[in-house]
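>>> Show me how the following folds:
(2 chains)
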Amino acid sequence: MLRRRLNRLFGRDERRVDSRTIYVGHRPCPATDAFIPPKFCDNRIVSSKYTVWNFLPKNLFEQFRRIANFYFLIIFLVQVIVDTPTSPVTSGLPLFFVITVTAIKQGYEDWLRHKADNEVNKYLVTVLEDGRRARKESEKIKVGDVVEVVEDETFPCDLILLQSSREDETCFVTTASLDGESNHKTHYTVPDTEKGLESLSATVECEQPQPDLYKFVGRMHIYKNDQEPAVRSLGPENLLLKGATLKNTQKIYGVAVYSGMETKMALNYQGKSQKRSVVEKSINAFLLVYLCILVSKALVCTTLKYVWQSQPGQEEPWYNQKTQKEKDANLYLNMFTDFLSFMVLFNFIIPVSMYVTVEMQKFLGSFFISWDKDFFDPEIQEGALVNTSDLNEELGQVEYVFTDKTGTLTQNSMEFIECCIDGFQYKNRDSSTELDGFCVTDGPVSMLQQKAGREEEELFLRALCLCHTVQVKESTGQEDGVGDQVDGVLGLDGEMVHPAELRGFIASSPDEVALVKGAMKYGFTFLGMESKNMRVMNRDKDVETYELLHVLNFDPVRRRMSVIVRSKCGDIMLFCKGADSSIFPRVRQEEVDRIRMHVERNATEGYRTLCVAYKLLSSEEYAQADAGLREARLALDDREAKLMAVYNQVETGMSLIGATAVEDRLQEEAAETMEALQRAGMKVWVLTGDKMETAKSTCYACRLFQRGTELLELTVRTLEDGGRRREERLHEVLLDYHKRSWTSAKQDYGFIIDGATLSLLFNSSPDSSHYKSLFLQICQNCTTVLCCRMAPLQKAQIVNMVKNSKGSPITLSIGDGANDVSMILEAHIGIGIKGKEGRQAVRNSDYAIPKLKHLKKLLLGHGHLYYVRIAHLVQYFFYKNLCFILPQFLYQFFCGSSQQPLYDAAYLTMYNICFTSMPILAYSLLEQHICMEVLMSNATLYRDVAKNAMLRWSPFLYWTLLGVYQGLLFFFGVRFLFSNPALQDNGQVFGNWSYGTIVFTVLVFTVTLKLAMDTRHWTWINHFVIWGSLAFYMFFSFFWGGIIWPFLRQQRLYFVFANMLRSVSAWLVIILLVLLSLLPEILLLVLRKPRWPHSRQKKPLVQSGEGETQSSARPLLMRTFSDESNTIL
Amino acid sequence: MMASSYNAKEDGHVTVPGGGTIQNKKPDNTAFKQQRLPAWQPILTAGTVLPAFFVIGLIFIPIGIGLYVTSNNIKEFEIDYTGTDMSSPCFNCSQSFSWNSTRPCTCALPFSLEQPFESNVFMYYGLSNFYQNHRRYVKSRDDSQLNGDTTSLMNPSKECEPYARNEKMPIAPCGAIANSMFNDTLDLYYIDPNGTRIQIPLMKKGIAWWTDKHVKFRNPGGNPNLTSAFQGTTKPINWRKPVYELDTDAENNGFINEDFIVWMRTAALPTFRKLYRIIQKKNNMTPTLPRGNYTLEVTYNYPVRSFEGRKRVILSTISWMGGKNPFLGIAYITVGSVCFFLGVVLLIIHHKYGSRNNTADIPN
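You can find the predicted model right below:
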């Protein structure tokens, strides 16, 4: 770390420029006068935190940065320094235990990291040095080295691809370990470098390291025998990232540009921001209260002590003189140390063990999620994944669910449904794939009906075949590739080979595959690329070749992509496909009108629509575009913006040739899940980048919008209705909706907003906050909110807005794609679906589940239980320590406020560690106050724990009062018994340690039995642990009091416990006090109880009735009634 | 900085269960992992708790009555001999107290018992406002010295300060507790109806815990000659005689003197009593202490005036539950009645509203 800082200080900062220059193969270039080999960091990856030398200090430092540990350290130090009533061991031992265990765990993890680092760093790679191949350890690679990588090896650092063994100057790479996308990506060599690497003399100029995996800008100057240097632009397609694996290519050579900790992989492994759960916030609040109690107790005692001492003869009676040192001490210093002593005496009220238990509970508890077989999806052979265990209980607190549409609500397995060419509709459906029977009546039409002119049809189909970035899977030659990635399905062990399709397609988006396959059904087959030529087999089985000139990539802002191809006959054509909103403005209006109707109808039916346009480029136009594109690609700064400008310039004046409709089917049980979530009181927001109509129909299909739901729509369309300025209209509409949604409580409302309006809402400067609050208030009254046309950042914005709104509700985001990452990270809980759009969402999520339907069990089942468990755990801990310490506090009134502990040191130490820790841990792991099935089938039960119900102030007050009541009872019950300390039948008397032991025995029994009473789910583990810890207490007490302990100067408890058991009175008082302590609990339980059996028996019946009527239909029939009628405009 | 943020796993961020290794593996279908362990799911309803309330009531009330009666049958007589009042015979002794006086001050308190004490009588001394449970006091002892450890004998624990050494000599027994040992001598005389004083024999054995006397407290060395065993130590400052002269009986001398052991068991509360002597019942015919007049002769050595303490003597008989204490009996009767009452209330509630919820347990 220090080295890196130094690097930054000396190595980099002096050349604080925006780009770095690399000499390929460290060869000086003619252009530069003096060759100064620049210094870059070496290729060592350091993911470990510690070395052998700094482990102890650094680990300790890190551990004591946690506030709880620090607090206990302070207590410990006070005990060591000041003469305190309890020995330092009582708090030192638990602290030592906690610290040691954590240190061992972290040390082990770090050792694993060291091992992994070494594996990477010592890996032998081949480097070309002066024409010779040399084996080197990976960590010794320097920037500028030319590195050889063979197939299936990972790249040792970020490389610029110079030479590939493949003929077409490409190589294939999979970045599965970087972003989880396991499809093969094509990377290209820099032109003109492939020949003669030994003599290559070139420099690479590229930007400074930055973490974005998909961005890279650079330039390569190639010097050839005193010619003007050739300049080649470098983009992400030339950069091979460390961590990615070479596939389907025998070997490549590349020059290292970024090494070690400056590689994009290393820069990307930022620790996720840590999410804190509300429970933790509650704990902290309670801690504060208890800290106040603690301090005030200590203050009261200190005051009392000095008041008491001021009476004559009390401070220093003849029988209890102070030592000379004590006499000499300063009064105020004495007061302070007394205060500290009291703090130490009462510090057990905030136990170390609570933190340990909470952590253990969370850690062990999260196993149950990954163990749950209901989360196992046989298709992808995976179960749920828990990335953090800190948020288990938060799953039971969700109020807002933000869900992505594509891939989350819908399956993202695309199927080409129909197309529309020149205004005529073409349909091609297999009845087998149809679910609702709506279209089956039309009869399957397998042949293209001759409606539009053949020329238009073919143009359209060619467009489909050409305008994409799909690769054809090569099934020959690459053994390992078989069955790996087909159809864009990124299954890991994918057995996804469709038997019908011999040809597999690989693409980053399933839409494209669906389109290419759709074209194939109509007779146009894409055969693949052959060195920049796209080969298409047409209906007459002739192979047409098109030279691919440019690909104008898809991006979510433009929402379209284009290709420029040159046909055999020399025509240069541009094909463009994209969302209607981005295509329509760029084509002629009369064409739009013909197709718009189809597009909208398709969208309402829940299909994803794309419009296809085309343009014939004259050679001048092309030359201009070509020059523009090349120039923009070479630009080092603002390349994106420049490219965008050129793209926009080229993609104008096109003619619309048709539109496609692709169906994205609903996920299994999507509707049931959504319904359950809504019944559980959660508000579901759908955030999608898709069109409004499509999204709306999905919402209907998922029953997020019901038949009776009144839709409030706030989109560009509604705003433009009045013909006035949008801002004015926005205000008006907002007010109207606000009034409406607040007046009638019975009506269900759904709210629809689109991205453009949302940014208007957020950005209209003066009234923005006012609008926002209006918007929020409307949304709070709506059961469902649909936000369509959202950019990823807007999704996060919305989540953030809701998260920070009044009452700071708990939000949950669920999504499967890279575009959901921002909202997954933003929400309190991020859930990733192990879907088809790569693994980025899963990586960034807190929990990952294979299917949407698992969300129901995750929230209603696990979430609810975890919440109840941990809430009970926390309350119980505070309670049991309150009634532990309260008698000790009360005892101060009877011992001259002298800090005399009531309990023996062993009891003080063991209480939280041994006697009462295991039952609550078992409870917090196994308790099912209502069994899982009931929770699942009766979603409304979720509302019982909503809004942190068990950790609010009133339950806290209840537990605290219970603790106080019991503490008072314990102390005064025994106090009255001790008004005559002759408690044995032989007339002998009991002393102060007997007093403490009786109180402690009552305490341990009461606290354990209280937990036993709260336990609703007695497994053998609960029995074992509860009765076991009571037995252990008895055993320990006998043992501890049964021996004269060597090396101890005080034998306080010698035979105290055994003598106590010989006294009938002690037995009687213990039984009496335990019973009396639990009496109010029992009463409350009995009076409160009838609710549970009621909900247990009644609700499932109702539910099963509902389930039958609703679950079967997959309501695409929603399409049939016009949604316009429900929309208020 | 870089290196620490490089890790996916942060501190406190508990490691990922189920990650990596568990992937691609179907979770085990065991009852534990699926949270389906067979479980007993008790539900407390009015129906199940009702009988319990009645049972508790029915058990507690008799016990309470028994305890109360037992406690009431215990005879207890208490006499304060502090001597704060001018009228008190011990007034002079309490006023003229000095640690150095060689001549012991004695006083005699007459009292009479209205009722005879039939069984064994236990004689306690009681002190008030004496903080034996003060922290500085409680810890001021050395149990290993008292256990006969010779090194501790010569090197008392520093907890004993300022009573660890006297002029470089180790104090045996050290500490504030030992130093302040109760040293009044109490004698009891029965005044015969015809005027003769009969000294009542007081037994000083069996007043300390058996384990204390035989295990916890031991004289140093195996030396029967205590004087030499305690060679090199000095007596506690406030003691009149050294520890090896506490009693003439070798079995009750030194650290194993029972008066000493009793004193060393620190009391729980500032008002306490300690067992002083036992008056054994002679035979079944005569009561241990017959009705009549008595005199308590006190050798007044122990000063309590400085801290406004009180001294008293308690004569008490003992039952199976210990000394006289009505608290337990009353508490049991109260709790029993409350339970019974609650049972009745619940029964009414149960009958009126909750008749549906008869199901006690729902089996899993």
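
>>> alpha carbons only for contacts and neighbour counts from here, please
OK.

>>> Can you classify the residue of the stretch 51-200 of chain A found nearest chain B by secondary structure?
Chain B sits closest to residue A:85 of the stretch 51-200 of chain A, with a gap of 7.5 Å, by Cα to the nearest Cα. Judged by DSSP: H, G, I helix; E, B strand; the rest coil, the three-state class of residue A:85 is coil.

>>> residues in contact with it?
Applying Cα atoms under 8 Å, 6 or more residues apart in numbering or on different chains, we find residue A:85 in contact with A:341, A:344-345, A:899-901, B:135.

>>> Secondary structure for those residues - can I get that in JSON lines?
Shown next, in JSON lines, are the contacts of residue A:85 (three-state DSSP):
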{"residue": "A:341", "secondary structure": "helix"}
{"residue": "A:344", "secondary structure": "helix"}
{"residue": "A:345", "secondary structure": "helix"}
{"residue": "A:899", "secondary structure": "coil"}
{"residue": "A:900", "secondary structure": "coil"}
{"residue": "A:901", "secondary structure": "coil"}
{"residue": "B:135", "secondary structure": "helix"}
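
>>> Closest to residue A:575 out of the residues you listed?
residue A:344 (77.9 Å; Cα to Cα).

>>> gap between that closest one and chain B?
Distance of residue A:344 to chain B, computed by Cα to the nearest Cα, to the nearest Å: 14 Å.

>>> Please apply the same query to residue A:814.
For residue A:814 relative to chain B (Cα to the nearest Cα), the value is 19 Å.

>>> so how far is stretch B:340-356 off the chain centroid?
How far stretch B:340-356 lies from its chain's middle: 43 Å, per Cα atoms, centre = their mean, to the nearest Å.

>>> Can you list the buried residues in it?
Using 16 or more other Cα atoms under 10 Å in any protein chain shown as the test for burial, stretch B:340-356 gives B:340, B:342-343, B:346-347, B:350, B:354.

>>> Repeat that for stretch B:253-272.
In terms of neighbour count (16+ other Cα under 10 Å), stretch B:253-272 has its buried residues at B:253-272.

>>> do the same with stretch A:1044-1051
Applying 16+ other Cα under 10 Å to stretch A:1044-1051 flags A:1044, A:1049-1051 as buried.

>>> Roughly how far does the spatially closest residue to residue B:227 that is not a sequence neighbour sit from residue B:152?
Setting aside the residues directly before and after it, residue B:227 is nearest to residue B:244 in space (Cα to Cα, 6 or more residues apart in numbering or on different chains), at 6.1 Å. Per Cα to Cα, to the nearest Å, residue B:244 is found 17 Å from residue B:152.

>>> ok, the two, which is more surrounded?
residue B:244 (23 against 20; other Cα atoms under 10 Å in any protein chain shown).

>>> Am I right that the more buried one is in a helix?
Yes: under three-state DSSP, residue B:244 sits within a helix.

>>> residues in contact with residue 171?
All of this refers to chain A. Counting by Cα under 8 Å, 6+ apart, residue A:171 touches A:164, A:186-188, A:246-249, A:252.

>>> was after chain B, sorry
B:156, B:163-165, B:233-236.

>>> could you redo the last one with a cut-off of 10 Å?
B:153-156, B:160, B:163-165, B:178-179, B:230, B:232-237, B:242-243 (Cα atoms under 10 Å, 6 or more residues apart in numbering or on different chains).

>>> which residues touch residue 306?
You didn't pick a chain, so chain A it is. Taking Cα under 10 Å, 6+ apart, we find residue A:306 in contact with A:315, A:335, A:338, A:896-897.

>>> Chain B was what I was after
A:312-314, A:317-318.

>>> Enumerate every residue touching residue 325.
Unless you meant another one, I'm taking chain A. residue B:162.

>>> ah, I was thinking of chain B
A:976-983, A:1065, B:67-68, B:70-72, B:74.

>>> And the residue of the stretch 951-1100 of chain A that's closest to chain B?
Here the stretch 951-1100 of chain A gets closest to chain B at one residue, residue A:992, 3.6 Å apart by Cα to the nearest Cα.

>>> Could you report the separation of that residue from residue A:1042?
From residue A:992 across to residue A:1042, the span is 18 Å (Cα to Cα).

>>> okay, these two: which has more neighbours?
More crowded of residue A:992 and residue A:1042, by other Cα under 10 Å: residue A:992, with 24 against 16.

>>> Give me the phi and psi for the more buried one.
With angles defined as degrees, to the nearest 10, residue A:992 sits at phi -70, psi -30.

>>> Give the full set of residues in contact with it.
A:900-903, A:978, A:981, A:998, A:1052, A:1056, B:132-133, B:138, B:265-269.

>>> count of neighbours near residue B:245?
Using other Cα under 10 Å, residue B:245 has 16 other residues around it.

>>> I figured it hits residue B:256, correct?
No: counting by Cα atoms under 10 Å, residue B:245 stays clear of residue B:256, with 11.6 Å between them.

>>> Now do the contacts for the residue nearest to the spatial centre of chain A.
The C-alpha lying nearest the average C-alpha coordinate of chain A belongs to residue A:845 (Cα atoms, centre = their mean; 2.2 Å). The contact partners of residue A:845, by Cα under 10 Å, 6+ apart, come to A:272, A:385-388, A:813-816, A:820-821, A:823-825, A:827, A:829-833, A:839.

>>> How about residue A:1053?
Taking Cα under 10 Å, 6+ apart as the test, what residue A:1053 contacts is A:903-906, A:993-994, A:996-997, A:1037-1038, A:1040-1044.

>>> Restricted to buried residues, select those residues in ChimeraX.
Selection of buried members from those for ChimeraX, criterion 16+ other Cα under 10 Å:
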select /A:903,904,905,906,993,994,996,997,1037,1038,1040,1041,1042,1044
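
>>> Close to chain B: what parts of the stretch 701-850 of chain A are there?
Residues of the stretch 701-850 of chain A found near chain B (Cα under 10 Å from any Cα of the partner chain) are residue A:846.

>>> In the stretch 701-850 of chain A, where is pLDDT below threshold?
A:720-725, A:744-745, A:764-767, A:818, A:836-838, A:840 (pLDDT under 70).

>>> Right, I'll leave it there.
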